[in-house]
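> Predicted structure and sequence below. I'll ask about it afterward.
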Amino acid sequence: MVIQSQKLSASPYDLASTLTCGQAFRWTRWDHTSVGVIDDHWIQVSQQGPSLHVSTTHSSPNWKRIEDYFQVRLDLDNVTRSFPMDSHLREAKRAYRGLRLLKQSPWECLASFILSSNKQIPHIQQIITRLTQRFGTPLEVPPGHEPLASFPTAAHLASVSEADLRKLGMGYRAPFLSEAARRVSDGRLVLQSLFEMPYPEAFASLQTLPGVGPKIANCVLLFAFQKQEAFPIDVWIKRALSTLYFSDASPSPKQLEAFARSYFNPYAGYAQQYLFHYVRNQPRSPQPH
């Protein structure tokens with residue numbers, strides 16, 4: 001086995017926050033490094049000053065794809081300078097300077113967030129691990145490492161019975177994943193076309209899928225398609241916006257969405273992730289249900 005490595009320059013970069021802020025579910029800590037999968041690449045990554053040290057067992061690594069995934073070429077300071085100058089975002093930027101949005105595979109991102117509905121991150125990770133081990137393609141991993149597999153294709157999952165999916169612990173989400181896999185594999189939903197669609201059209205298109213509501217659609221558009229108008233609102237963000245910007249009032253979801261897009265533009269999605277990670281990690285914060 002040959003392990004190939006490269007250093008990717010990126011400053012500022014907060015690798016730990018980027019991989020644990022709830023946008024991706026296949027990264028685990030391994031002896032001061034993080035191990036995960038990017039498409040069909042087993043990846044080990046660590047931060048060394050202003051650089052990411054990335055290693056892979058892939059025989060022909062796609063370094064361009066790996067750079068895109070980690071978004072090392074993004075001018076992050078330009079993004080965060082666009083944030084409103086309020087004390088809440090200022091503190092979030094200070095605490096997690098270098099947090100970046102990953103550029104994920106559209107199908108894996110869609111399937112993962114369908115499985116995330118009403119689940120905490122450790123549970124989502126467990127389901128995805130079972131799914132990839134059962135239906136993905138095993139990857140070559142170094143001795144001593146846990147086995148990992150690529151994410152199963154939509155075509156493969158379209159042929160899997162709902163009963164077999166339920167055995168993996170995904171419960172009521174199983175038929176939603178099955179239907180999404182069928183529509184993607186037979187071309188009723190062409191994920192690549194969403195890159196070119198205006199945000200409102202892409203947002204509506206994703207919500208034609210059973211089990212995909214506004215939050216999941218926005219997560220997919222932000223984390224896979226990099227549409228910065230997308231502003232996922234879950235219990236954490238609803239609480240943060242209501243408490244920090246509405247004086248503990250009870251704004252409607254539509255009011256929150258309208259406020260977020262106008263106030264946080266042009267990088268509303270990025271601002272959302274900083275607020276989400278900041279609020280979720282505040283000491284003694286009660287766990288939303």
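That came through, no problem.
> Tell me where this protein is predicted with low confidence.
In the predicted model of the chain, residues 248, 284-289 satisfy pLDDT under 70.
> helices and strands around the longest strand along the chain, which ones?
With DSSP state E setting the assignment, residue counts place strand 41-48 as the longest strand in the chain. Counting contacts by 3 or more Cβ pairs under 8 Å, 6 or more residues apart in numbering; DSSP states H and E, strand 41-48 packs against helix 15-20, strand 33-38, strand 51-56, helix 63-70. C-beta here means a position set from N, CA and C on the backbone, and glycine is covered the same way.
> Among the ones you listed, which comes closest to E140?
E140 lies closest to strand 51-56 among the helices and strands packed on strand 41-48, at 9.6 Å (Cβ to Cβ).
> Enumerate every residue touching A24.
Contact criterion Cβ atoms under 8 Å, 6 or more residues apart in numbering gives 36, 102, 104, 112, 223 as the residues in contact with A24.
> Now render the residues you listed as TSV, adding secondary structure, distance to I121 and neighbour count.
Shown next, in TSV, are the contacts of A24 (DSSP: H, G, I helix; E, B strand; the rest coil; distance: Cβ to Cβ, whole Å; neighbours: other Cβ atoms under 10 Å):
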residue	secondary structure	distance to I121	neighbour count
G36	strand	14	18
L102	coil	15	19
Q104	coil	15	26
S112	helix	11	27
F223	helix	14	26
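> Let me know the closest of the residues you listed to Q126.
The closest of these, once distances to Q126 are taken by Cβ to Cβ, is S112, at 12.4 Å.
> ok, now how distant is the closest one from R97?
As judged by Cβ to Cβ, to the nearest Å, S112 and R97 stand 27 Å apart.
> I'd like the contacts of A24 as JSON lines, with distance to P283 appended.
Converted to JSON lines, the contacts of A24 look like this (distance: Cβ to Cβ, whole Å):
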{"residue": "G36", "distance to P283": "28"}
{"residue": "L102", "distance to P283": "27"}
{"residue": "Q104", "distance to P283": "30"}
{"residue": "S112", "distance to P283": "29"}
{"residue": "F223", "distance to P283": "27"}
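> of these, closest to Q125?
Of those, the one sitting nearest to Q125 (Cβ to Cβ) turns out to be S112, at 9.6 Å.
> Distance check, the closest one against R182.
17 Å.
> repeat for K119
On the measure of Cβ to Cβ, K119 and R182 end up 22 Å apart.
> same check, this time on Q125
For Q125, the distance to R182 equals 25 Å [Cβ to Cβ].
> what's the answer for G171, then?
In terms of Cβ to Cβ, G171 sits 19 Å off from R182.
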